[in-house]
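fold the stuff below for me.
(one chain, ligands or ions: 2)
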Amino acid sequence: MALLITKSCINCDMCEPECPNQAIALGTEIYEIDPTRCTECIGHYEAPTCQRVCPITHTIIQDAAWQETREQLWEKFVMLYP
Ligand code: SF4
Ligand code: SF4
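Ligands and ions are numbered 1, 2, ... in the order given. The predicted structure is shown next:
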């Protein structure tokens with residue numbers, strides 16, 4: 001499933017340049033993840049790199065509204081990089 005940035009975000013801008021899919025951008029108040037581009041970093045890294053660089057623990061969480069299997073995340077990766 002895609003990841004979600006919660007209101008704990010302090011807009012530090014650490015995650016945005018690290019996302020390999022350009023899924024992260026500054027929204028109206030805090031940084032936001034485009035769920036159509038987030039693959040949980042599948043195809044690039046072993047684990048979500050945005051969670052790794054975020055200085056505020058538990059700010060980036062799994063988005064329950066975007067339930068996806070690992071296979072579906074791989075399909076999204078292939079769609080992003082045809
Ligand atoms: S998990 Fe990976 S692809 Fe998804 S928003 Fe974070 S850095 Fe980008
Ligand atoms: S790294 Fe964390 S605190 Fe910084 S902008 Fe991204 S989500 Fe917000």
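
what comes up buried for stretch 51-62?
For stretch 51-62, a neighbour-count test (16 or more other C-beta atoms under 10 Å) marks 51, 54, 59-60 as buried. From N, CA and C alone the C-beta is placed, and that goes for glycine too.

with stretch 3-19 instead?
Of the residues in stretch 3-19, those buried (16+ other C-beta under 10 Å) are 3-5, 9, 15-16, 18-19.

between the residues you listed, which is nearest ligand 1?
Using C-beta to the nearest ligand atom, Cys19 comes nearest to ligand 1 of the buried residues of stretch 3-19, at 3.3 Å.

Three-state assignment for the residue nearest to that closest one when sequence neighbours are not counted, please.
Distances taken as C-beta to C-beta, 6 or more residues apart in numbering place Cys50 nearest to Cys19, at 5.8 Å, with adjacent residues excluded. Counting by DSSP: H, G, I helix; E, B strand; the rest coil, the backbone at Cys50 sits in helix.

next one: the longest helix along the chain to chain centre, how far?
Ranked by number of residues, the top helix in the chain under DSSP state H is helix 70-80. Mean C-alpha position of helix 70-80 versus that of the full chain (C-alpha atoms, centre = their mean, to the nearest Å) differs by 14 Å.

who in this protein is up against ligand 1?
By C-beta under 6 Å from any ligand atom, the residues of the chain that approach ligand 1 are 3, 19, 21, 23-24, 33, 38-41, 48-50.

show me the shaky parts of this structure.
Low-confidence segments of the chain, defined by pLDDT under 70, are absent.

which residues in it form helices?
Using DSSP H, the helices of the chain run over 49-53, 70-80.

ok, which stretches of this protein are strands?
3-5, 24-26, 31-33, 60-62 (DSSP state E).
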